[in-house]
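Enquirer: give me a 3D structure for the following:
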Amino acid sequence: MRFDGVHYLRWAKEHQGRARYSLTCSNMRPVTLAELGLGLDDVAIASGDPDGYGPLKAVAAEQFGVAPEEVFIGAGATGCNFVAFAAALDEADGGPGHVLCETPGYTCLDDAVRPFGAAVETFTRTYDSGFAIDCDDLRRRLRPDTRLVVVTNLHNPSGAALRPAELAELAAIAETHGCRVVVDEVYKDFVAESANPMARRYGGRMTSVTGLSKVYGLSGLRVGLLFADAAFVRRCYRIVDYLAGSNSVPGDAIAAAALRRRDWLVERARRIAAPALAHVRAHVEADDLLEWAEPPAGIIAFPRIRRPLNTLVLADFLEREYDLGVTPGDLFGLPGHVRLGFGLASPEDLEEALRRFRDGIRSMPE
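Expert: Numbers count the residues shown, from 1 in each chain. I've put the predicted structure just below:
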């Protein structure tokens, strides 16, 4: 295995905290133990569960409508994705084979696949389609040794939601081709389940990954959840034996308590996100240098700039001259766009950040 680094995370960590006004983070405002009705004495510090904290598996199964044996608990969604890739690429004979990842996309995902030696190929979710998945194009790219298809829903970086028909097509591809489809769903709960179902609902080799950071405001816990068939979950737990043996029990205990208040947390997140997204909409639609595929909900957007700007250079310029952080579209595989994250900013700071962004894209030299 060769670890060349997760390039997006390296950039994000190097730029974290540099700007007074930041639209780089894609988390939700944090919640406190008090808001969850917890004190430190309520948090377990030891567990006798060999594979995953039992109370968390139970409440996750209840809340997400799966069987407890279909629940894997990992070190955040990032940890769940890494373990899922290891399990998927290990479960087939003939080596790691071929993997299809979306572009533009959260490149932490394909960066995490590469160390396993798979041949990684991208398929395009186009701006003109609203970043939908072209399943016919995806089928054409399948190879006999394709082991894995990796997508996000809500799409990172655009926030676009997969339609039920797209999810059904992905499930059919997984079934007929014998590959696994991993869907990173960390933003999905900003949209109602009826309009945007969990991938695991489609059964078979469909695998959902989520975490408590983006919607639930609990990024510091580093708790992720994976939902898959029981055999795949068992394989995931065997891979954890190589990493840490088990997760942090206090973190899992807090996560279990949080999921018991899942409805409240989701309602809170949507209540914060909706006016923030409306604020972003007003600025994008009022600016002749900006256009976008508007996301249905959530805390990220991916506008395109109607000027020929290098967005890596733009991000440095905005940070230096406007004390503003944005994430370059180049880091997601689509130059000319920037990702804006607005789940943390107060309404006043968001207004100022968006004003600086609009001024900055005009004043940056060619």
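Enquirer: I'd say Arg139 and Ala174 touch.
Expert: No - with contact defined as CB atoms under 8 Å, Arg139 does not reach Ala174; the gap is 11.6 Å. Just so you know, the C-beta spots here come from the backbone N, C-alpha and C atoms, and that holds for glycine as well.
Enquirer: between these two, which is the more surrounded one?
Expert: Ala174 (22 against 14; other CB atoms under 10 Å).
Enquirer: which helix or which strand is home to the more buried one?
Expert: helix 164-177 (DSSP states H and E).
Enquirer: show me where the stretch 201-350 of the chain has strands.
Expert: Assigned by DSSP state E, counting those that start in this stretch, the stretch 201-350 of the chain shows strands spanning 206-211, 223-227, 290-291, 300-301, 304-305, 324-325, 327-328, 338-341.
Enquirer: quick check: Ala61 touching Phe72?
Expert: No - the pair Ala61 / Phe72 is not scored as a contact, 11.3 Å apart, by CB under 8 Å.
Enquirer: looking at these two, which one has more neighbours?
Expert: Phe72 (29 against 17).
Enquirer: looking at it, the more buried one is touching Gly79, isn't it?
Expert: No - when contacts are counted by CB under 8 Å, Phe72 is not listed as touching Gly79 (10.0 Å).
Enquirer: which residues touch Pro144?
Expert: Applying CB atoms under 8 Å, 6 or more residues apart in numbering to Pro144 gives no contacts.
Enquirer: please report how far it lies from Pro50.
Expert: Counting by CB to CB, to the nearest Å, the separation of Pro144 from Pro50 is 37 Å.
Enquirer: pretty sure His54 is touching Ser47, no?
Expert: Careful, residue 54 is Gly; it's not His. Yes - Gly54 lies in contact with Ser47 (CB under 8 Å); the separation is 7.2 Å.
Enquirer: on the three-state scheme, the spatially closest residue to Gly220 that is not a sequence neighbour is what?
Expert: Take Gly220 and drop its neighbours on the chain: the residue closest to it by CB to CB, 6 or more residues apart in numbering is Pro30, 7.1 Å away. Under the three-state scheme (DSSP: H, G, I helix; E, B strand; the rest coil), Pro30 adopts coil.
Enquirer: quick one, what contacts Pro30?
Expert: Gly217, Leu218, Ser219, Gly220.
Enquirer: filter the residues you listed down to the buried ones.
Expert: Applying 16 or more other CB atoms under 10 Å to those, the neighbour count classes Gly217, Leu218, Ser219 as buried.
Enquirer: give me the pLDDT for the first one.
Expert: I take that to be Gly217. Listed pLDDT for Gly217 reads 93.
Enquirer: and the gap between Val43 and Ile73?
Expert: For Val43, the distance to Ile73 - CB to CB - is 16 Å.
Enquirer: so those two - more neighbours on which side?
Expert: Taking neighbours as other CB under 10 Å, Val43 and Ile73 compare with Ile73 leading, 28 against 16.
Enquirer: distance check, the more buried one against Asp90.
Expert: Counting by CB to CB, the gap from Ile73 to Asp90 is 19 Å.
Enquirer: and stretch 338-348, end to end?
Expert: Stretch 338-348 has an end-to-end distance of 21 Å (criterion: CA to CA, to the nearest Å).
Enquirer: stretch 314-329 now?
Expert: Stretch 314-329: ends 10 Å apart by CA to CA.
Enquirer: now it: average pLDDT?
Expert: In the prediction, stretch 314-329 has an average pLDDT of 97.
Enquirer: check contacts around the nearest residue to Ala46 once chain neighbours are set aside.
Expert: The shortest distance from Ala46 to any non-neighbouring residue, by CB to CB, 6+ apart, is to Val249 (6.0 Å). By CB under 8 Å, 6+ apart, the contact set of Val249 is Ala44, Ile45, Ala46, Ser47, Tyr53.
Enquirer: next one: Glu366
Expert: Counting by CB under 8 Å, 6+ apart, Glu366 has contacts Pro308.
Enquirer: let me know the pLDDT of it.
Expert: pLDDT at Glu366 comes out at 81.
Enquirer: what separation do you get for it and Arg307?
Expert: Taking CB to CB, one finds Glu366 at 9 Å from Arg307.
Enquirer: same thing with Thr124?
Expert: 23 Å.
Enquirer: for the stretch 201-350 of the chain, which spans come out with low pLDDT?
Expert: Counting by pLDDT under 70, the stretch 201-350 of the chain shows no low-confidence range.
Enquirer: would you list every one of the helices in it?
Expert: Under the criterion DSSP state H, counting those that start in this stretch, helices of the stretch 201-350 of the chain are mapped to 230-240, 249-260, 262-285, 311-322, 347-363.
Enquirer: Ala301: which of these is closest?
Expert: helix 262-285 (5.4 Å; CB to CB).
Enquirer: please name every helix or strand in contact with the closest one.
Expert: Counting contacts by 3 or more CB pairs under 8 Å, 6 or more residues apart in numbering; DSSP states H and E, helix 262-285 packs against strand 290-291, strand 300-301, helix 347-363.
Enquirer: let me know the closest of the buried ones among the contacts of Pro30 to Phe85.
Expert: Ser219 (21.6 Å).
Enquirer: residue contacts, that closest one?
Expert: Asn27, Met28, Pro30, Leu212, Ser213.
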